[in-house]
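Undergrad: quick one: sequence and predicted model below, then my questions.
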Amino acid sequence: MKRTFIKDLKEKLDQTVTVQGWLQTLRDQKSMQFLIIRDHTGLVQAAHWKKGNPELAELISTIGTESSLTLTGKVVANEVVKLGGLELQLESVKIENNAPMPLPFEPNSDNLPEQDFRLDWRYLDLRRERNRKIFEIQTTAEQAMREWWLANGYIEMHSPKIVGAPSEGGAELFTLPYFETTAYLAQSPQFYKQMAMAAGFEKVFEIGPVFRADPSFTSRHMTEFTGVDMEISWINSHEDVMVAMEHWLAHVYQKVHDKHADEIKDLFDVDFTVPALPFPRLTMAEAYQILKTQGYKLPPERKGDLDPGAERALGAYVKQTCGSDFVFVKDWPVAVRAFYHMRHADNPGLTMSFDLLGKGLEITTGAQREHRVEVLTAQALDKGLSLEPLKDYFDFFRYGCPPHGGLGLGLSRLLMIMLDLPNIREAVYLFRGPNRLTP
RNA sequence: GGGGGCGUGGUGUAGUGGUUAAACAUGCGGCCCUGUCAAGGCCGAGACCGCGGGUUCAAAUCCCGUCGCUCCCGCCA
């Protein structure tokens, strides 16, 4: 018999149906048994009168919570049933996979184990509706990203993750043996999307894994995460990148809002709103002024940079004064940016770069890139980098690479701020950190 | 890499020097209950209080070390 989803049972009154799902609760009484069954569309009660089928009653008594079951029965309306006013009168139960008691933990109980333990049993943790919803929303968000890119002439790219040389720094690279030599795991598709600009692709995007060998122990860092990157050509400044980004992100928020706003309110208690355009923009100079008036004191060694506390303070300030969850902070000093960020022609101490803060969290870095190979080489030297490992990269800019810029965004960080998740480990399917390689 | 916090039955917590070496909730096992529904009632099993050392007449409780987890900073998305 064809499977019926639990949410559709109300249209099947007085019919015999098959339901498949997990046993959430068993109330095994003297003469009656009640099974609360869960599939991803909802919950339903299945009732069984023991004397009607003692054999089935005995079987039901052996089923552990969270076992996967296939049940058949007649759907009947019953006002007494608090769960939707209907129930399934059980005719048969097939235990697809029994879950022996006790479970490591019950995903739908009131007192959940601490997160690290739940990550050990991630598949049980993911059985909670709230956790499943995070990934439904992520799916909607990624689809919306692609909709916008495709509507705007972007090409999808997949750059290699095994690379022969560091693309930016060096310390945060994972190394791996590679036949007779050593390779690295890419910590960004940065150089390859720039190569696509040199190739004349004009607009590209990539959603893919990036690896960072930083031993970071925070609620917002991972050693492997999904990077969302885009890069566009023929821009006049980083402002063009910011304009593209805010339209793109607003589209993503609109689609997530259309499909999930009510669920997000119910499950995450977040009033999900589509951000207004344009996002507020602050130069770093302005940001410093604001921090001063807000009484936020940056450590002196952070001159020209923002620390996470400053980012939170700016996020709060912008929320309060503009009502915006987002703010671009732009025109960062050369000292704190990558060598390939283009510098202002009229102010060589500043880069044509930006960060996007969402609810005070850094979710994006972007910039116009330096596409003139002589200038780029000079800037690398200026940063004290050795040119040899960058030789192939410099070659991208020798024969007609157009002016271009782009950005990188952390997918899980976006989910964090969309849903007010306190920890990135909740926003990612399987977390990878310095001490977490399993499951 | 630097700093803070935590580590007690399966799980979540209480207990922070001493009445019977550990309490509560939940889960688990058993019994009871004409249909429960955050089910309820009774009974039961389950922790040498992360590990090692020390202080003390006495340590889950104080000290040191160690391991694990966690958060903050650094780094970044």
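TA: Great, that's in hand. Numbers count the residues shown, from 1 in each chain, chains lettered A, B, ... in the order given.
Undergrad: going forward, measure contacts between C-alpha atoms and count neighbours the same way
TA: Noted.
Undergrad: residue A:76 sits in which helix or strand?
TA: Under the criterion of DSSP states H and E, residue A:76 resides in strand A:68-77.
Undergrad: and whatever helix or strand comes next after that strand with strand A:68-77, angle?
TA: Sequence order places strand A:86-97 as the next helix or strand after strand A:68-77, per DSSP H and E. For strand A:86-97 against strand A:68-77, the angle by axes from the mean of the first three to the mean of the last three C-alpha atoms, to 10 degrees is 170 degrees.
Undergrad: neighbouring contacts of the strand holding residue A:76?
TA: A:9-10, A:12-23, A:85-99 (C-alpha atoms under 8 Å, 6 or more residues apart in numbering).
Undergrad: tell me the bridge partners for the residue of the stretch 301-439 of chain A at minimum distance from RNA strand B.
TA: Across the stretch 301-439 of chain A, the shortest distance to RNA strand B (C-alpha to the nearest atom of the strand) belongs to residue A:364, at 2.9 Å. Following DSSP bridges, residue A:364 is listed with bridge partners residue A:356, residue A:409.
Undergrad: residue contacts, it?
TA: Counting by C-alpha under 8 Å, 6+ apart, residue A:364 touches A:355-357, A:407-410.
Undergrad: closest one of those residues to residue A:114?
TA: Sorting the contacts of residue A:364 by how near they are to residue A:114, with C-alpha to C-alpha, puts residue A:410 at the top with 25.0 Å.
Undergrad: and the closest one, what does it touch?
TA: A:225-228, A:363-364.
Undergrad: just residue A:400 next, same as before
TA: Counted by C-alpha under 8 Å, 6+ apart, residue A:400 has contacts residue A:198.
Undergrad: please name every helix or strand in contact with the top helix by length along chain A.
TA: Of all segments of type helix in chain A, defined using DSSP state H, the longest is helix A:238-268. If contacts are counted by 3 or more C-alpha pairs under 8 Å, 6 or more residues apart in numbering; DSSP states H and E, helix A:238-268 sits against helix A:129-151, strand A:361-368, strand A:404-410.
Undergrad: rounded mean pLDDT for the second one, please.
TA: Translated: strand A:361-368. Across strand A:361-368, pLDDT averages out at 97.
Undergrad: okay, buried residues for the longest helix of chain A please.
TA: Within helix A:238-268, the residues scored as buried using 16 or more other C-alpha atoms under 10 Å are A:238-242, A:245-257, A:260-261, A:263-264, A:268.
Undergrad: do stretch A:404-424 as well
TA: Neighbour counts over stretch A:404-424 (16+ other C-alpha under 10 Å) mark A:404-419, A:421, A:423-424 as buried.
Undergrad: same check on stretch A:111-123?
TA: Within stretch A:111-123, the residues that count as buried by 16+ other C-alpha under 10 Å are A:118-119, A:121-122.
Undergrad: low pLDDT regions in the stretch 151-300 of chain A?
TA: Residues of the stretch 151-300 of chain A meeting the criterion pLDDT under 70: A:166-171, A:300.
Undergrad: what about the strands in it?
TA: Under the criterion DSSP state E, counting those that start in this stretch, the stretch 151-300 of chain A contains strands at A:155-156, A:162-163, A:175-178, A:181-185, A:203-211, A:224-233, A:281-283.
Undergrad: what's the most buried one of the ones you listed?
TA: strand A:224-233 (a mean of 23; mean count of other C-alpha atoms under 10 Å).
Undergrad: just the residues contacting that strand, thanks.
TA: Residues outside strand A:224-233 that contact it (C-alpha under 8 Å, 6+ apart): A:188-189, A:193-194, A:197, A:202-212, A:241, A:402-412, A:431-433.
Undergrad: distance of the nearest residue to residue A:202 once chain neighbours are set aside relative to RNA strand B?
TA: Among residues not flanking residue A:202 along the chain, residue A:233 sits closest, at 4.7 Å (C-alpha to C-alpha, 6 or more residues apart in numbering). Between residue A:233 and RNA strand B the distance is 19 Å, computed by C-alpha to the nearest atom of the strand, to the nearest Å.
Undergrad: and what of residue A:180?
TA: Residue A:180 is 27 Å from RNA strand B, where distance means C-alpha to the nearest atom of the strand.
Undergrad: neighbours around that residue, how many?
TA: Counted with other C-alpha atoms under 10 Å, residues neighbouring residue A:180 total 6.
Undergrad: before we move on, what about residue A:179?
TA: Using other C-alpha under 10 Å, residue A:179 has 7 other residues around it.
Undergrad: next, give phi and psi for it.
TA: Backbone dihedrals for residue A:179, given as degrees, to the nearest 10, come out at phi 50, psi -120.
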